[in-house]
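Visitor: pasting the structure only:
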């Protein structure tokens with residue numbers, strides 16, 4: 001083999017090693033290729049020892065990289081196998097002595113199926129650390145699935161039997177409920193409804209309902225016969241409530257039959273109630289007319305007082321708003337006054353400092369030895385004197401502002417006192433008007 005052919009094989013080996021990993025080709029192929037290249041070295045004639053050493057060093061480096069990657073793949077495959085075995089143990093724990101014996105909820109069954117599917121996906125991947133380990137895990141998993149299948153068959157067989165019994169029980173109960181609903185028709189005598197209520201009570205107690213659950217029936221059985229419409233309306237309402245609370249006791253088809261009868265009877269009762277209300281309205285009309293005349297005078301007086309109260313409350317609201325606004329302005333003025341007083345204090349201190357500097361500079365001129373130094377000090381004194389004029393002007397401006405703000409504070413304080421006094425007077429007047437309204441016959445009537 002020529003050195004060029006050997007180098008090509010090493011380059012190909014390099015390319016495959018770089019791509020080697022958990023998701024790439026089988027490592028066995030690479031190790032076989034490594035052995036072949038080792039043999040090729042013996043049959044290849046190199047130009048010199050340096051050329052051979054270079055090729056061999058690269059090959060050795062690739063072999064080391066392959067070993068490291070192989071170790072990493074082995075580690076990952078080991079983790080993969082452990083993960084699958086852990087999930088199988090988790091499945092075994094969920095199944096325990098029997099998964100379906102405790103009538104699991106739909107969510108638990110879904111979780112079990114999800115876990116089973118997840119485990120099955122592990123067996124679709126060629127990442128197991130060994131064939132023997134995969135076979136052992138598969139046997140365990142298959143055994144658990146077979147156990148589950150038998151349990152599931154038994155569980156759903158019993159479930160179908162219970163559903164058939166529940167359907168028969170639902171038919172019997174719904175028939176009695178429908179008879180009771182029909183007895184709530186406005187044209188049916190109340191005595192028949194009482195009999196059917198007794199029948200319904202006896203049936204519910206016989207199939208396991210408690211006395212608390214049928215209390216509404218017992219109460220209706222003792223209702224006064226002189227209020228049949230109310231009794232029947234309450235009966236329909238309680239039937240609806242019963243259906244909502246015990247919907248699992250009645251099949252969907254039976255519930256539909258009952259709801260259909262409920263709607264039909266309810267429509268007839270609504271018509272009867274309409275006739276009843278019209279009769280009551282006619283009796284009420286004359287009394288309302290007499291009452292209206294007597295209330296008109298009281299209503300007029302009440303309106304005047306209410307309007308007056310509204311005016312007073314609006315004025316009080318305005319005073320309150322004015323007070324809040326003035327208090328806000330006063331706070332701002334006081335804050336501004338504090339800042340200006342601080343500025344005056346700072347500027348006064350600053351002026352004092354400039355004057356001290358000026359005296360010090362004058363002293364230095366008096367004792368100076370050179371004209372250049374005197375000239376320099378004279379320039380600084382001129383600057384300081386200019387600064388004194390500026391600070392004095394600012395101090396006077398601040399004093400003017402302080403005087404103005406102090407006057408504003410006094411004026412606002414006086415206005416606030418006036419507003420507070422006016423608000424107190426309005427509050428007393430509002431309380432007086434409210435008391436009059438509370439003592440009026442109209443308001444007493446509302447309270448009653």
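Guide: That came through fine. Predicted model, so just to flag it, every value in this text is computed and none were measured.
Visitor: Now do the nearest residue to residue 430 once chain neighbours are set aside, the pLDDT please.
Guide: Leaving aside its chain neighbours, residue 430 sits nearest to residue 312 (4.9 Å; criterion: Cβ to Cβ, 6 or more residues apart in numbering). C-beta coordinates here come from the backbone N, C-alpha and C atoms, glycine included. For residue 312, the pLDDT comes out at 85.
Visitor: Residue 160 too?
Guide: 69.
Visitor: What of residue 2?
Guide: Value listed for residue 2 in the pLDDT field: 78.
Visitor: so how many other residues sit close to it?
Guide: 10 (other Cβ atoms under 10 Å).
Visitor: The residue lying closest to it once chain neighbours are set aside: neighbour count?
Guide: Counting by Cβ to Cβ, 6+ apart, residue 2 lies nearest to residue 44, which is 7.1 Å off, once chain neighbours are set aside. For residue 44, the neighbour count with other Cβ under 10 Å is 18.
Visitor: for residue 261, same thing?
Guide: Residue 261 has 20 neighbours, counted by other Cβ under 10 Å.
Visitor: same thing with residue 11?
Guide: Using other Cβ under 10 Å, residue 11 has 12 neighbouring residues.
Visitor: State the three-state secondary structure for it.
Guide: Following DSSP: H, G, I helix; E, B strand; the rest coil, we place residue 11 in the helix state.
Visitor: Isn't the residue nearest to residue 2 up against residue 6?
Guide: Yes - counting by Cβ atoms under 8 Å, residue 6 is a contact partner of residue 44 at 4.9 Å.
Visitor: which residues in the stretch 201-350 of the chain form helices?
Guide: 215-221, 228-245, 252-366 (DSSP state H, counting those that start in this stretch).
Visitor: Dump those helices into CSV; add distance to residue 429 as well.
Guide: Listed next are the helices of the stretch 201-350 of the chain as CSV, based on distance: least, Cβ to Cβ, whole Å:
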stretch, distance to residue 429
helix 215-221, 54
helix 228-245, 50
helix 252-366, 6
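Visitor: quick one: residue 254 and residue 171 touch, right?
Guide: Yes - with contacts counted by Cβ under 8 Å, residue 254 reaches residue 171, the gap being 6.5 Å.
Visitor: Quickly find the element holding the spatially most central residue of the chain.
Guide: Geometric centre of the chain, nearest residue: residue 107, 23.4 Å, by Cα atoms, centre = their mean. Here residue 107, judged by DSSP states H and E, is contained in helix 106-122.
Visitor: Only the buried residues of that helix, if you could.
Guide: 112, 116, 119, 122 (16 or more other Cβ atoms under 10 Å).
Visitor: try stretch 120-133
Guide: Residues 122, 127-129, 133 are the ones in stretch 120-133 that count as buried (16+ other Cβ under 10 Å).
Visitor: do stretch 281-293 as well
Guide: Buried-residue list, stretch 281-293, by 16+ other Cβ under 10 Å: empty.
Visitor: Stretch 316-332 too?
Guide: 316, 319, 323, 326, 330.
Visitor: can you tell me how far the residue of the chain positioned farthest from its centre sits from residue 377?
Guide: The C-alpha centroid of the chain is most remote from residue 369, which lies 85.1 Å away (Cα atoms, centre = their mean). With the distance defined as Cβ to Cβ, to the nearest Å, residue 369 ends up 12 Å from residue 377.
Visitor: With residue 118 instead?
Guide: Using Cβ to Cβ, residue 118 is found at 94 Å from residue 377.
Visitor: before we move on, the earlier item: tell me the pLDDT at the residue nearest to the centre of the chain?
Guide: 83.
Visitor: what's near enough to touch it?
Guide: Listed by Cβ atoms under 8 Å, 6 or more residues apart in numbering, the contact set of residue 107 is empty.
Visitor: ok, it to residue 87 distance?
Guide: 19 Å.
Visitor: ok, now residue 436?
Guide: Taking Cβ to Cβ, one finds residue 436 at 83 Å from residue 87.
Visitor: and the two? which has more neighbours close in?
Guide: residue 87 (18 against 15).
Visitor: is it true that the more buried one touches residue 122?
Guide: Yes - with contact defined as Cβ under 8 Å, residue 87 and residue 122 form a contacting pair (7.2 Å).
Visitor: more neighbours, residue 254 and residue 171?
Guide: Neighbour count, other Cβ under 10 Å: between residue 254 and residue 171, residue 254 has more, with 21 against 14.
Visitor: circling back: residues in contact with the residue nearest to residue 430?
Guide: 426, 429-430, 433.
Visitor: before we move on, the earlier item: which one of the buried residues of stretch 120-133 is nearest residue 359?
Guide: Of all the buried residues of stretch 120-133, residue 359 sits closest to residue 127, with 94.5 Å by Cβ to Cβ.
Visitor: Can you classify that closest one by secondary structure?
Guide: Assignment for residue 127 (three-state DSSP): coil.
Visitor: Which residue, neighbours along the chain excluded, lies closest to it?
Guide: residue 80 is the one closest to residue 127 (Cβ to Cβ, 6+ apart), at 4.6 Å.
Visitor: Which strand or helix spans that neighbour?
Guide: Per DSSP H and E: helix 49-95 holds residue 80.
Visitor: any idea which of the contacts of residue 312 has the most stuff around it?
Guide: residue 426 (19 neighbours).
Visitor: unless I'm mixing things up, residue 364 is touching residue 377, no?
Guide: Yes - using Cβ under 8 Å, residue 364 is in contact with residue 377, at 5.4 Å.
Visitor: and those two? which has more neighbours close in?
Guide: Between residue 364 and residue 377, counting by other Cβ under 10 Å, residue 377 is the more crowded of the two (18 against 15).
Visitor: Give me the contacts around stretch 29-36.
Guide: 9, 12-13, 16-17, 20, 63, 66, 70.
Visitor: could the residues you listed be laid out in CSV, adding distance to residue 185?
Guide: Shown next, in CSV, are the contacts of stretch 29-36 (distance: Cβ to Cβ, whole Å):
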residue, distance to residue 185
9, 99
12, 94
13, 95
16, 89
17, 90
20, 85
63, 96
66, 91
70, 87
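Visitor: In JSON lines: the residues you listed, plus neighbour count and pLDDT.
Guide: Shown next, in JSON lines, are those (neighbours: other Cβ atoms under 10 Å; pLDDT from 0 to 100):
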{"residue": "9", "neighbour count": "16", "pLDDT": "79"}
{"residue": "12", "neighbour count": "12", "pLDDT": "81"}
{"residue": "13", "neighbour count": "20", "pLDDT": "75"}
{"residue": "16", "neighbour count": "16", "pLDDT": "77"}
{"residue": "17", "neighbour count": "21", "pLDDT": "72"}
{"residue": "20", "neighbour count": "20", "pLDDT": "70"}
{"residue": "63", "neighbour count": "17", "pLDDT": "79"}
{"residue": "66", "neighbour count": "19", "pLDDT": "69"}
{"residue": "70", "neighbour count": "16", "pLDDT": "70"}
